[in-house]
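> structure here, sequence nowhere to be found:
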Ligand code: APR
């Protein structure tokens, strides 16, 4: 087996203490998507949106990567071919777990964007509607995350990777948001084996050739061990 392309969702960060979106106590049970994750909501009430992302940025900054994040980094280092990680997550736990060149298709909490001139810079811990863009001076700064109704980032690169995948694995995603939910069809059409690893069946489980259900810190770690062997003992 050659190139592996992995898509991750909020479920891989759940055991690091970060909430998912659609589980029982998920973010969308406590916040209105329209109010905090759409351009219209940001235009209506930028303070509410900044407060929402400031809280998530601070929570994500103190969350530790878990065994699943570390296992994927080991796979990237130990696999005989490319291992590409595409994530819907805006946290930096893949990188904290040692992964490289992670493709953040929904942006990152660590990034700030000027809605007026398109300038990008590292986000401060706390953002506010009063922040001015360092380049154009406009009071139009926003988190550099992709909201509903906006085009995800890096789609051309992602489609190229899917076209060349021998194995596509989706980890911790409910398959309810496109285009990510359609990646399994793209990979399958390109002849890839497809594997879903999540806590419970997703909206697109039917599209996968193989499924391993359970918590990512067990299922992903076992899958990586099947591919490249167990993690070396802590003292070894
Ligand atoms: N291990 C593995 N999977 C888990 C775990 C766990 N410990 N806990 C939850 N899951 C699974 C759930 O079963 C579910 O399939 O993670 C998935 C979480 O689904 P969502 O909350 O919908 O998150 P996600 O699929 O990443 O959402 C996609 O929607 O709101 C937008 O932009 C947001 O990137 C997000 C996108």
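Cool, the structure landed. For clarity, every value in this text was computed on a predicted model and none was experimentally measured.

> outside of stretch 93-107, which residues touch it?
8, 12-13, 16, 18, 60, 63-66, 69-70, 72-74, 76-77, 84-90, 113, 143-146, 152-155, 157-158, 180 (C-beta atoms under 8 Å, 6 or more residues apart in numbering). For the C-beta atoms, the positions are set from N, CA and C on the backbone; glycine is no exception.

> near the ligand, list only the ones from these.
Filtering the contacts of stretch 93-107 for neighbours of the ligand using C-beta under 6 Å from any ligand atom leaves residue 88.

> so among the contacts of stretch 93-107, which ones count as buried?
With neighbours counted by 16 or more other C-beta atoms under 10 Å, the contacts of stretch 93-107 contain buried members at 8, 12-13, 16, 18, 60, 63, 65-66, 69-70, 72-74, 76, 84-90, 113, 143-146, 152-153, 158, 180.

> taking the contacts of stretch 93-107 one by one, which sit in helices?
12-13, 60, 69-70, 72-74, 76-77, 155, 157-158 (DSSP state H).

> centre of the chain to the helix or strand bottoming out on mean pLDDT in the chain, how far?
Of all helical and strand segments in the chain, the minimum by mean pLDDT, DSSP states H and E falls on helix 27-30, at a mean of 93. Put simply, helix 27-30 sits 18 Å off its chain's centre (C-alpha atoms, centre = their mean, to the nearest Å).

> again, but for stretch 220-236
23 Å.

> flag every buried residue along that stretch.
In terms of neighbour count (16+ other C-beta under 10 Å), stretch 220-236 has its buried residues at 220-221, 223-224, 227.

> tell me which of the residues you listed is nearest to the ligand?
residue 220 (7.8 Å; C-beta to the nearest ligand atom).

> the closest one belongs to a strand?
No: under DSSP: H, G, I helix; E, B strand; the rest coil, residue 220 sits outside any strand and is assigned helix.

> that one touches residue 171, doesn't it?
Yes: checked against C-beta atoms under 8 Å, the pair residue 220 and residue 171 is within contact range at 6.0 Å.

> need the overlap of contacts for those two.
Residues touching both residue 220 and residue 171 (C-beta under 8 Å, 6+ apart) are 12, 68, 197.

> and the first one, how far from residue 158?
As judged by C-beta to C-beta, to the nearest Å, residue 12 and residue 158 stand 17 Å apart.

> again, but for residue 23
Applying C-beta to C-beta to residue 23 and residue 158 gives a distance of 25 Å.

> what's the neighbour count on the residue nearest to residue 112 when sequence neighbours are not counted?
Distances taken as C-beta to C-beta, 6 or more residues apart in numbering put residue 123 closest to residue 112, at 3.9 Å, once the chain neighbours are dropped. For residue 123, the tally of surrounding residues (other C-beta atoms under 10 Å) stands at 22.

> for residue 123, what are its contacts?
57, 109-112, 143-144 are the contacts of residue 123 under C-beta under 8 Å, 6+ apart.

> report the rounded mean pLDDT for the longest strand anywhere in the chain.
If you go by DSSP state E, the chain has its longest strand at strand 107-114. Regarding strand 107-114, the rounded mean pLDDT is 98.

> cool, and stretch 196-215?
97.

> buried sites along it?
Buried residues in stretch 196-215, defined by neighbour count with 16+ other C-beta under 10 Å: 196-199, 202, 204-205, 207-208, 211-212, 215.

> got a list of contacts for it?
With C-beta under 8 Å, 6+ apart as the test, stretch 196-215 has contacts from 9, 11, 14-15, 169-176, 181, 184-185, 188, 193-195, 216, 219-220, 222-223.
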